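Colleague: need the 3D shape of this:
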Amino acid sequence: MKHLAVIAFFMVLLGGCGLIEPSATHRFSTKPGTSSEAIFACAETTIRILKIQRGTWSDLITARDASSGLFETNRFNESNIVGIRTQIRYEPETGDGRIKVKASGPYFTDLGADQAAAQFASGIAACLRPNNSFKPTPLRGAA
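Modeller: All right, here's what the predicted structure looks like:
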């Protein structure tokens, strides 16, 4: 019976590790009426550029739903995945969006979540500017 208690304790302890996963949030605003597809295309382009600069960025799209304004990479809601993953929630009517970034290394070391969120937001903003030099092309994953 004592062994079961020890095993249960470690299961609870390990299950709680997701609570310490390094993450950051960044809010952004665009012109109301900007489509979710435009935001998502810019997100894809930005991720592609960031991945070239730093290979820990995940470019595997696991959710892309323009009707609900949701974009995610690499099973964002799961914990204990190494790399930099993103989630965008966007409201086209108001132009308001929220970026979440998880940046976990081995043993939940921080791969720079705050910096990654700021870089991601900056890249999306640059892409949305008129006459930008970004050329969005689809990434692999969910369509």
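Colleague: in the chain, where is pLDDT below threshold?
Modeller: Of all residues in the chain, those with pLDDT under 70 make up the ranges 1-19, 132-143.
Colleague: going along the chain, name the helices of it.
Modeller: Assigned by DSSP state H, the chain shows helices spanning 2-15, 36-53, 113-128.
Colleague: quick one: which of those helices is nearest residue 107?
Modeller: helix 2-15 (11.6 Å; Cβ to Cβ). For every residue, glycine as well, the C-beta is placed using N, CA and C.
Colleague: centre-most residue in this protein?
Modeller: For the chain, the residue lying nearest the average C-alpha position, counting by Cα atoms, centre = their mean, turns out to be residue 86 (0.4 Å).
Colleague: shouldn't that one be in contact with residue 47?
Modeller: Yes. Using Cβ atoms under 8 Å, residue 86 and residue 47 qualify as a contacting pair, with a distance of 7.0 Å.
Colleague: spell out which residues are contacts of both of those two.
Modeller: When contacts are counted by Cβ atoms under 8 Å, 6 or more residues apart in numbering, the set common to residue 86 and residue 47 consists of 58, 73, 120.
Colleague: quick revisit: the residue nearest to the centre of the chain bridge partners, please.
Modeller: When bridges are taken as DSSP bridges, the partners of residue 86 come out as residue 101.
Colleague: wait, what's in contact with it?
Modeller: 43, 47, 58, 71, 72, 73, 76, 99, 100, 101, 102, 120.
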